[in-house]
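Visitor: Can you look at this prediction? I've put the sequence above it.
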Amino acid sequence: MRHQALTFSNFPTLLICLLVSLFTSFESSESQNLLQRGSSLSVEDSSHVYLTSPDKTFTCGFYSLGENAYWFSIWFTNSKDTTVVWMANRERPVNGKGSKVFLQKNGDLVLKDVDGSVIWTTNTSSTGADRAELLDSGNLVLKDIDGNTLWQSFDFPTDTLLPNQPFTWRQKLVSRSGPGAFASGYFSLYFNDENVLRLIYDDPDISSVYWPNPDYDVFQNGRTKYNSSGVAVLDGRGHFLSSDKLQFSALDMGDFRIKRRLTIDYDGNLRLYSLNNVTGLWMVSWLALLQQCQVHGVCGRNGICTYAPHKPKCSCPPEFELTEQGNWNEGCKPKFNRNFTLNSKQVKFITVPKVDFWGFDLNFTQPSSKEDCMKLCLDDFRCEAYTYRITEQASCFTKSMLFNGHSSPDVWTTTYIKVPASYNVAGLVSGIKFKRICKLSESNITVGSSSMYHFPGESGQKLIWICIYSFVFVLGAIEFLVLLSGWWLLFTRLGVPSVVEDGYRALSSQFRRFSHSELKKATQKFQEELGRGAFGVVYKGVLADERVVAVKRLGDIYQGEEAFWAEVSTIGKIYHMNLVRMWGFCSEASHKLLV
């Protein structure tokens, strides 16, 4: 009886110990930060067995996309959209059954597909690595028995840099090929031969550097090529520093607790993100290019990028069509025979107003007449198009390729695309303005190397006089309307300063108008103050689409319309990597706010 009493009295303690033991065993099968030599992780167990960093910030395991494609990856544990920051087998996903990653007894970490083929390896078979470990920094490392690092994922980045991850001239960040895809795209961040950090579009046929500004030299861009290290790093506070003197900071710099990442996105822009721990959403706290259309190749070959405040739009020029539906990386293809166009002088030109194309210039002349510019293109079989701009001085560029097309209200360039003379063009063609007014047939117009127009016979002479009289009549009507508009503006808007007009123009083309009630709701009645200065107070706000913004409520100095619109106009004209982007404004009576 005494023995039974002892047994029953100890039973609760034994039960608790057993449960603790089982719970600990369950936890280790669910989450661990070590993979011992001789152990493995399998795809089938990917929802149960994975590596986590000690502070639970990062997870390492198999990430799936679609029905049967898996990548051995590292991702942020608490981000809402499962943000992947590193991949071992980026180009070759493995099968959903039987695929495993092994830490072999020789110290090599190997990923094998279901058929046993090696998809990826660390090539550390001679090191005798003892374990794989996921650190709080998001770095997956192989260590020996003494704790020395033998290999690390930080040396092989994909599209993302994490805080305190060195980036050197030996490495590249390469974008994804598109949204919801993991394969390598055409955009890269790298150190060039002069150890200058650059962004480049690089496909099998075209390479084009677009950041820093290719129109300026290294020193005009605030960089230096007099460095031998070629190294850069993002620190834990959100400050980025490179050996070529590039440096920038996150909007929320200073807080070590904020999780950050620097990513080259599939659209070619380089962005610094900060994680909101409450919502699990990312906020852009810095970006390289404020205007997305400055990214070369964002709409592919022959594509045109049209600037818009929230999301730029891609389109094809007249007589071009999308090469691959839904994929702007492949750009646009002509509906006509381009090879014929290049080898024949019997051609005409499609007119594409307010569109310019960067790069691939065959000739540049200044000043030049439009006819001289066209003749340069006609006389060069390599010329696919020419661009002509009239500003303070006329400028002419002939193009060997149509790439980096862009359009915005500030573009005053017209592009003329060469097509065969026999091709029936549905859009505007150089010289077709006369045709549309005078209703000339296509056969009456020949564009060649020596003359622009040819009207045959006596009937042609009559048509010329009809055109001239029509032109004079239309010109007189236009002049009358211009004078009438001028008088209306003089009497109805007299006294409106030019800065106010500039402000209206900037806002109409770029920014959204918010109501005061919208911003009051977004800031929770202007509750959380971020800072203040001589000209107003800045509050934190969250818009209806969950964008986190800073709302600047301007002080009494801005009660006048002129001062307010002057500031808006100035901000609308400034684009710099160290300035936050302006999303919109509010101007209701005495309420003057910038978002």
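Guide: Great, that's in hand.
Visitor: for the stretch 401-550 of the chain, which spans come out with low pLDDT?
Guide: Under the criterion pLDDT under 70, the flagged ranges of the stretch 401-550 of the chain are 426-511, 533-535.
Visitor: Recalculate using a threshold of 50.
Guide: 427-469, 471-472, 474-475, 482, 487-509 (pLDDT under 50).
Visitor: again, but for the chain
Guide: Ranges of the chain meeting pLDDT under 50: 1-29, 427-469, 471-472, 474-475, 482, 487-509, 557-559, 573-577.
Visitor: Which parts of it are helices?
Guide: Ranges of helices in the chain, per DSSP state H, are 2-30, 338-342, 370-378, 432-438, 457-492, 498-510, 516-522, 561-573.
Visitor: Tell me if I'm right that residue 334 and residue 302 touch.
Guide: Yes - look at residue 334 against residue 302 with C-beta atoms under 8 Å: they come within range, at 7.3 Å. Placement of C-beta: from N, CA and C, glycine included.
Visitor: More neighbours: which of the two?
Guide: Set side by side, residue 334 and residue 302 show more neighbours around residue 302, with 24 against 19, by other C-beta atoms under 10 Å.
Visitor: Could you measure from the more buried one over to residue 360?
Guide: Separation of residue 302 from residue 360 (C-beta to C-beta, to the nearest Å) stands at 12 Å.
Visitor: what's the overlap in contacts for those two?
Guide: When C-beta atoms under 8 Å, 6 or more residues apart in numbering defines a contact, the residues bordering residue 302 and residue 360 alike are 402-403.
Visitor: which residues sit in contact with the residue nearest the centre of the chain?
Guide: The chain has residue 269 as the residue nearest its centroid, 3.0 Å off, counting by C-alpha atoms, centre = their mean. Going by C-beta under 8 Å, 6+ apart, residue 269 touches 287-289, 292, 295.
Visitor: OK, contacts around residue 516?
Guide: Shown in contact with residue 516 (C-beta under 8 Å, 6+ apart): 586, 588, 591, 593.
Visitor: Of those residues, which pair is most distant in space?
Guide: Maximum pairwise distance among the contacts of residue 516 (C-beta to C-beta): 8.9 Å, between 588 and 593.
Visitor: Mind checking which of the two has more residues around it?
Guide: The residue with more neighbours, out of residue 588 and residue 593, is residue 593; 25 against 13, by other C-beta under 10 Å.
Visitor: Check the gap between the more buried one and residue 521 for me.
Guide: According to C-beta to C-beta, residue 593 stands 13 Å off from residue 521.
Visitor: before we move on, back to that, out of the contacts of residue 269, give me the one that has the most neighbours.
Guide: Tallying neighbours with other C-beta under 10 Å puts residue 295 at the head of these, with 25 neighbours.
Visitor: right, and that residue touches residue 186 too?
Guide: No - Residue 295 is beyond contact range of residue 186, at 10.5 Å (criterion: C-beta under 8 Å).
Visitor: In contact with the closest residue to residue 276 other than its chain neighbours, which residues?
Guide: The shortest distance from residue 276 to any non-neighbouring residue, by C-beta to C-beta, 6 or more residues apart in numbering, is to residue 283 (6.3 Å). Applying C-beta under 8 Å, 6+ apart to residue 283 gives the contacts 251-252, 273-276, 547-548.
Visitor: Make a PyMOL selection of the buried ones in these.
Guide: The PyMOL selection below is limited to those of the contacts of residue 283 classed as buried (16 or more other C-beta atoms under 10 Å):
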select buried, resi 252+273+274+275+276+548
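Visitor: Okay, and which of the contacts of residue 283 map to strands?
Guide: Judged by DSSP state E, the contacts of residue 283 include 273-275, 548 as members of strands.
Visitor: Looking at these, which is nearest residue 329?
Guide: Nearest to residue 329 among the ones in strands among the contacts of residue 283 is residue 273, at 22.8 Å by C-beta to C-beta.
Visitor: So the closest one versus residue 263, what's the distance?
Guide: According to C-beta to C-beta, residue 273 and residue 263 sit 7 Å apart.
Visitor: what do you get for residue 388?
Guide: Using C-beta to C-beta, residue 388 is found at 39 Å from residue 263.
Visitor: before we move on, what about residue 192?
Guide: Residue 192 sits 21 Å away from residue 263, going by C-beta to C-beta.
Visitor: which of those two has more neighbours?
Guide: Neighbours of residue 192 and residue 263, each counted by other C-beta under 10 Å, are more numerous for residue 263; the result is 22 against 15.
Visitor: need the contact list for that one.
Guide: Residue 263 sits in contact with 159-161, 173, 270-271, 273, where contact means C-beta under 8 Å, 6+ apart.
Visitor: farthest-separated two in those?
Guide: Longest distance between any two of those is 13.8 Å, between 173 and 273; criterion C-beta to C-beta.
Visitor: circling back to that earlier point, wait, which of the contacts of residue 263 is closest to residue 85?
Guide: Closest approach to residue 85 among these (C-beta to C-beta): residue 160, at 4.4 Å.
Visitor: residue contacts, residue 161?
Guide: Shown in contact with residue 161 (C-beta under 8 Å, 6+ apart): 167, 173, 234, 261-263.
Visitor: so which of those would you say is closest to residue 338?
Guide: residue 173 (34.4 Å).
Visitor: Quick check: closest non-adjacent residue to residue 393.
Guide: Nearest-residue entry for residue 393: residue 367, 5.1 Å, with adjacent residues in sequence omitted and distances by C-beta to C-beta, 6+ apart.
Visitor: so who does that neighbour touch?
Guide: Taking C-beta under 8 Å, 6+ apart, one finds 393-395 in contact with residue 367.
Visitor: Format those as CSV; extra columns: neighbour count.
Guide: As requested, the contacts of residue 367 are exported to CSV (neighbours: other C-beta atoms under 10 Å):
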residue, neighbour count
393, 9
394, 16
395, 17
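Visitor: Just the ones in strands from those residues, please.
Guide: The members of the contacts of residue 367 that map onto strands under DSSP E are 394-395.
Visitor: any idea which of the contacts of residue 367 is the one closest to residue 207?
Guide: Nearest to residue 207 out of those is residue 395 (C-beta to C-beta; 24.7 Å).
Visitor: Check the gap between the closest one and residue 184 for me.
Guide: Shown here: residue 395 relative to residue 184, a distance of 37 Å by C-beta to C-beta.
Visitor: Could you do residue 236 as well?
Guide: Distance of residue 236 to residue 184, computed by C-beta to C-beta: 28 Å.
Visitor: What is the nearest of the contacts of residue 263 to residue 380?
Guide: Closest to residue 380, out of all of the contacts of residue 263 and judged by C-beta to C-beta, is residue 270, at 36.3 Å.
Visitor: gap between residue 126 and residue 304?
Guide: Distance from residue 126 to residue 304, by C-beta to C-beta: 54 Å.
Visitor: Of these two, which one has the most company?
Guide: residue 304 (24 against 10).
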